[in-house]
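> return a 3D structure for these sequence lines:
(chains A, B, C and D)
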Number of protein chains: 2
Amino acid sequence: MSTDQTRLAILTAAERLYADRSFGDVTLRDIVAEAQVNLAAVNYHFGSKDELIAELYVSRSVALNRERLAELKVAEEAGSGHAAIRDVTRALVGPPLRGCLDPDRQRSAAARFMIRASAESVPVIRKIKTREIDHLRRFAAAMQRSLPDVAEVEIYWALHFALAMTHETINGGERLQHVSGGLCDLTDVSAIIERIVDAVSAALIPRATKAAARRA
Amino acid sequence: MSTDQTRLAILTAAERLYADRSFGDVTLRDIVAEAQVNLAAVNYHFGSKDELIAELYVSRSVALNRERLAELKVAEEAGSGHAAIRDVTRALVGPPLRGCLDPDRQRSAAARFMIRASAESVPVIRKIKTREIDHLRRFAAAMQRSLPDVAEVEIYWALHFALAMTHETINGGERLQHVSGGLCDLTDVSAIIERIVDAVSAALIPRATKAAARRA
DNA sequence: GATAGTTTCATACGTCTGTTTGAAATACAA
DNA sequence: TTGTATTTCAAACAGACGTATGAAACTATC
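Numbers count the residues shown, from 1 in each chain, chains lettered A, B, ... in the order given. Prediction:
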């Protein structure tokens, strides 16, 4: 092909398959069948399976981070410098949740791939996760700015719990629906987001007022 | 051997390895090397790799459920019939957290294996997860008894979030420690448990008082 | 339109996987 | 001890895996 259509076909095919199945389970032969390219194309264009996964992870990682930071920026500009804690949390958990729960399987593939990359700890991804650390620190800082009275350690735990609820809702949503007998609605994404935002606020705000009272 | 020492050696070896690495990654040859038995012993005693995993999962699953229900029973008897929401939550998240974060690798293996089985969705385990559904429903019922004013759907979400925080703390604890620059202490297990219990209570109790006020 | 460079393709390589085999070793009952 | 049943063992099986090869098919430049 003239341009690197093949590269792109492989990347999107891999993304689509990794969204549903584990890294170890998806073979190169699965990927090239999905992409409708030759088996050798993967090693020609990427060098190895690991390098393919790494490149896929990096590209989707920067996309997710960009999306989150864009939302954060909007909230911070609306609040003339510092965003409310609810808006910061929304910017953190909104993109992956909206992405994963999108009914369009292809559009949701990127988000679900990222969740898998976050959950499964395959060596090749472990090595390039420094990016994620820095990114999460920026959100911790934003949360701290919105609640200056809260101790730093509480901020990190809240961030951790926010991601926890996000990931488990995506990965274990089926179980929740099962356990609740279909009572819990997983189709209304914004309601889920507000629910998580509520939980994070409820956990943090008492600690803020308590700290403020101590200070006064 | 006279008794089924070999069966047991295989089970504990598999548990130990699956606690640290994924199901796909751990081979039968790894397991028999760890157990110091012959390769063919696995298929002789269990039939196949999948059946080994299934038997291991079932046995550890009933052990975990028993532990949780014992804690719940103690709390309910102390409260003469119904336990406080904090105690119910503690009975749910305490056993896996204490198990996984135990410094003794061998003792923590069972708990970490269960977490992996819960996170990785391998077909053979998916089929026998009905057990887990029933078990979680009993905890939902206990939570409902402790907070009768809260809507049923809120109970299920709270249960879901409690498990979310538990799992992510176990699986993503390393990241939390990294992001927080070592600020978050993962060695003090009971402090972590209280933190999760706090978060669940904070999420539920406002909804209880609100519902009670509406009712009045 | 010939040439050089890039990309595709069928095919094969070596290795590792779960599983099977049949004989050897062990245990246990008569 | 003899005979039967259970358990172990080394070895091999067929299949799937990631990767490598070299010829064929393209694309672009002159």
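> where's the closest residue to A:E34 other than its chain neighbours, which helix or strand?
Using Cβ to Cβ, 6 or more residues apart in numbering or on different chains and skipping the chain neighbours, the partner closest in space to A:E34 is A:A13 (3.8 Å). The C-beta positions use only the backbone N, C-alpha and C, and glycine is treated the same way. Assessed by DSSP states H and E, A:A13 sits inside helix A:5-20.
> what does that helix contact?
A:26, A:30-32, A:34-37, A:41-42, A:45-46, A:52-53, A:55-56, A:59-60, A:105-106, A:108-110, A:112-113, A:116-117 (Cβ atoms under 8 Å, 6 or more residues apart in numbering or on different chains).
> using ChimeraX, define a selection of the buried residues within these.
In ChimeraX, a selection of the buried entries from those looks like this (16 or more other Cβ atoms under 10 Å in any protein chain shown):
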select /A:26,31,32,34,35,37,41,42,45,46,52,53,55,56,60,108,109,110,112,113,116,117
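> still on that earlier bit, do the helix holding A:A13 and DNA strand C meet at all?
Yes: contact of helix A:5-20 with DNA strand C is found when judged by Cβ under 7 Å from any atom of the strand, involving A:Q5, A:T6.
> tell me the mean pLDDT for that helix?
Averaging pLDDT along helix A:5-20 gives 96.
> helix or strand next in line after it, which one?
Per DSSP H and E, helix A:5-20 leads on to helix A:28-35 as the next helix or strand towards the C-terminus.
> give me the angle between that next one and helix A:5-20.
110 degrees (axes from the mean of the first three to the mean of the last three Cα atoms, to 10 degrees).
> helices or strands up against helix A:28-35?
Here helix A:28-35 touches helix A:5-20, helix A:40-46, going by 3 or more Cβ pairs under 8 Å, 6 or more residues apart in numbering or on different chains; DSSP states H and E.
> rewinding a little: quick one: buried residues of the helix holding A:A13?
A:6-7, A:9-19.
> is it up against DNA strand D anywhere?
No: counting by Cβ under 7 Å from any atom of the strand, DNA strand D is not contacted by helix A:5-20; separation bottoms out at 10.3 Å.
> one more: stretch A:37-57?
Yes: judged by Cβ under 7 Å from any atom of the strand, stretch A:37-57 and DNA strand D are in contact via A:L39, A:A40, A:V42, A:N43, A:S48, A:K49, A:D50.
> and the helix or strand where the last one lies, how far out from the chain middle?
It refers to A:D50. Assessed by DSSP H and E, A:D50 sits inside helix A:49-78. Chain-centre distance of helix A:49-78: 9 Å, with Cα atoms, centre = their mean, to the nearest Å.
> tell me which residues of that helix come out buried.
A:49, A:52-57, A:60-61, A:64-65, A:67-69, A:71-72, A:75-76.
> that one: what's the following helix or strand?
Counting by DSSP H and E, the element after helix A:49-78 in chain order, helix or strand, is helix A:85-100.
> show residues contacting the next helix or strand after that following helix.
The helix or strand immediately downstream of helix A:85-100 is helix A:105-119, counting by DSSP H and E. With Cβ under 8 Å, 6+ apart as the test, helix A:105-119 has contacts from A:12, A:15-16, A:18-20, A:22-23, A:56-57, A:60-61, A:63-64, A:95-96, A:98-102, A:125, A:132, A:167, A:170-171, B:119, B:171-172.
> just the C-alpha atoms of helix A:105-119, please, in PDB.
C-alpha atoms of helix A:105-119 as PDB (Å, rounded to 0.1, in the frame of the first residue of the first chain):
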ATOM      1  CA  ARG A 105     -18.100  -1.300  20.100                       C
ATOM      2  CA  GLN A 106     -15.500   0.200  17.800                       C
ATOM      3  CA  ARG A 107     -15.500   3.600  19.500                       C
ATOM      4  CA  SER A 108     -15.400   2.000  22.900                       C
ATOM      5  CA  ALA A 109     -12.400  -0.200  21.900                       C
ATOM      6  CA  ALA A 110      -9.800   2.400  22.700                       C
ATOM      7  CA  ALA A 111     -11.100   3.000  26.200                       C
ATOM      8  CA  ARG A 112     -11.600  -0.700  27.000                       C
ATOM      9  CA  PHE A 113      -8.100  -1.400  25.700                       C
ATOM     10  CA  MET A 114      -6.700   1.200  28.100                       C
ATOM     11  CA  ILE A 115      -8.600  -0.400  31.000                       C
ATOM     12  CA  ARG A 116      -7.200  -3.800  30.200                       C
ATOM     13  CA  ALA A 117      -3.700  -2.300  29.900                       C
ATOM     14  CA  SER A 118      -4.200  -0.800  33.300                       C
ATOM     15  CA  ALA A 119      -5.500  -4.000  34.900                       C
END
